[in-house]
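Q: Build me a model:
(one chain, ligands or ions: 1)
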Amino acid sequence: MKVKRSRVAVVGAPLVAVMALLAFLVPNVSAAESSESVTTLEIKMEGKKMGFFGPKTVHEGEELRIVNDTSPSMVGPHTFSLVTKSSLPKTAKLRKECFTPGRICMGIAGWYGLKGEESPKNPLVKAGKEGWDTMGTTKKKGDSYFFGKKGESFEQVVSAKAGTTLYFMCAVHAWMQGQIKVLPPVTQ
Ligand SMILES: [Cu+2]
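A: Numbering: from 1, shown residues only. Okay, the predicted model is just below:
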């Protein structure tokens, strides 16, 4: 009898603790889920190819995160810069000469207020609405983030309207280019 009662007491106590823990955790779980909609693009090497890797779609209103998995001491810094489709340097010649006056890499440096290949003081260039929405040109600012450290990540909301395709490139490595299609917002 005595033994049984003490066992009940032992089993009972953790159960109360678990209930209390659940009551504490449950409201936070739903909050965490709603901010969980983050799409991540990685800057990394795959084999010998360095580039942006990740999904080809993102939802309007979702967070788009870019993570730099490469080492700046090995490959230099990167930018994730939204540029118009026609601004992407498509030929090897254009990519090679990208950092010359009138070309898009130099243009992106200009968005940062730079005249050459220095590092910007502020890594973020904001254009248009808050978040990722504006693709720039050699003359017009677009949204951009400069990655100067390994493991660095940056995220902000996708404020471009559904149906838009966002084109992007790295101003340091002109062959690093990509695109992501904006889908309608996720309804809950
Ligand atoms: Cu790069």
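Q: How many neighbouring residues does A127 have?
A: A127: 16 surrounding residues under other Cβ atoms under 10 Å. Bear in mind the C-beta positions are built from the backbone N, C-alpha and C, glycine included.
Q: ditto for V38
A: V38 is flanked by 11 other residues according to other Cβ under 10 Å.
Q: isn't it right next to I66, touching?
A: No: assessed by Cβ atoms under 8 Å, V38 is found out of contact with I66, at 10.9 Å.
Q: Quickly list what's touching both of these two.
A: By Cβ atoms under 8 Å, 6 or more residues apart in numbering, V38 and I66 have these common neighbours: E155.
Q: Can you name the residues that contact S71?
A: Neighbouring residues of S71 by Cβ under 8 Å, 6+ apart: K150.
Q: Please repeat the previous calculation with a cut-off of 10 Å.
A: 45, 149-151 (Cβ atoms under 10 Å, 6 or more residues apart in numbering).
Q: just V58 next, same as before
A: V58 sits next to 37-41, 64, 132, 158, 160, 166, 180-183 when contact means Cβ under 10 Å, 6+ apart.
Q: cool, and F147?
A: For F147, the contacting residues are 43, 66-68, 70, 72, 76-80, 123, 153-154, 170, 172, by Cβ under 10 Å, 6+ apart.
Q: how about a cut-off of 6 Å?
A: F147 sits next to 68, 77-78 when contact means Cβ atoms under 6 Å, 6 or more residues apart in numbering.
Q: Kindly reformat those residues as TSV containing secondary structure.
A: What follows is those, written out as TSV (DSSP: H, G, I helix; E, B strand; the rest coil):
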residue	secondary structure
N68	strand
P77	coil
H78	strand
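Q: Closest to T91 out of the residues you listed?
A: Proximity of the contacts of F147 to T91 (Cβ to Cβ) peaks at H78, which lies at 21.3 Å.
Q: What sits closest to T79 if chain neighbours are left out?
A: Leaving aside its sequence neighbours, T79 sits nearest to A171 (Cβ to Cβ, 6 or more residues apart in numbering; 4.4 Å).
Q: in which helix or strand would I find that neighbour?
A: Assigned by DSSP states H and E, A171 falls within no helix or strand.
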